[in-house]
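Novice: Only the shape, not the letters, is given here:
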């Protein structure tokens, strides 16, 4: 069982940076691939970034590539999402998720555990 708690969301202006963190409970955190997803009002939840348990495999959505960076610290049971050059269209609730898989995944159905989400609002 893994419990996930996101933090770091807030209201920022376009062009600003924000760092989201996700704290995981459970002794087997290092065995899980981790991902970030987001859901904007009226839209379906979409993939943002994912990282394998070792950090050796990383995926990004095209819309955030070059601006967002996912990282993890298995010793601290945390995964982070550094978001730079934020745009209005990045406004959404951001969720972290854990998947008991080998490698990393862009697909929500691969993820077993989800956090409650943290709101990111970017003003234009």
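Specialist: Yep, that arrived. Model, not experiment: these values are computed from the prediction. Numbering: from 1, shown residues only.
Novice: alpha carbons only for contacts and neighbour counts from here, please
Specialist: OK.
Novice: so what's residue 61 closest to, chain neighbours aside?
Specialist: Sequence neighbours aside, residue 48 is the residue nearest to residue 61 in space, at 5.1 Å (criterion: Cα to Cα, 6 or more residues apart in numbering).
Novice: same question, residue 24
Specialist: residue 4 (4.6 Å).
Novice: again with residue 84
Specialist: Closest to residue 84 by Cα to Cα, 6+ apart is residue 17, at 4.3 Å.
Novice: From what I see, that neighbour and residue 90 are in contact.
Specialist: No: in this structure, residue 17 is not within contact of residue 90 by Cα atoms under 8 Å, at 11.3 Å.
Novice: Please identify which of those two sits among more neighbours.
Specialist: residue 90 (20 against 16; other Cα atoms under 10 Å).
Novice: and the gap between residue 60 and residue 36?
Specialist: 9 Å (Cα to Cα, to the nearest Å).
Novice: Looking at those two, which has the bigger crowd around it?
Specialist: residue 36 (27 against 21).
Novice: Poorly predicted segments of this protein, please.
Specialist: Applying pLDDT under 70 to the chain flags residues 27.
Novice: could you redo the last one with a cut-off of 90?
Specialist: Along the chain, the model assigns pLDDT under 90 to residues 1, 26-31, 124.
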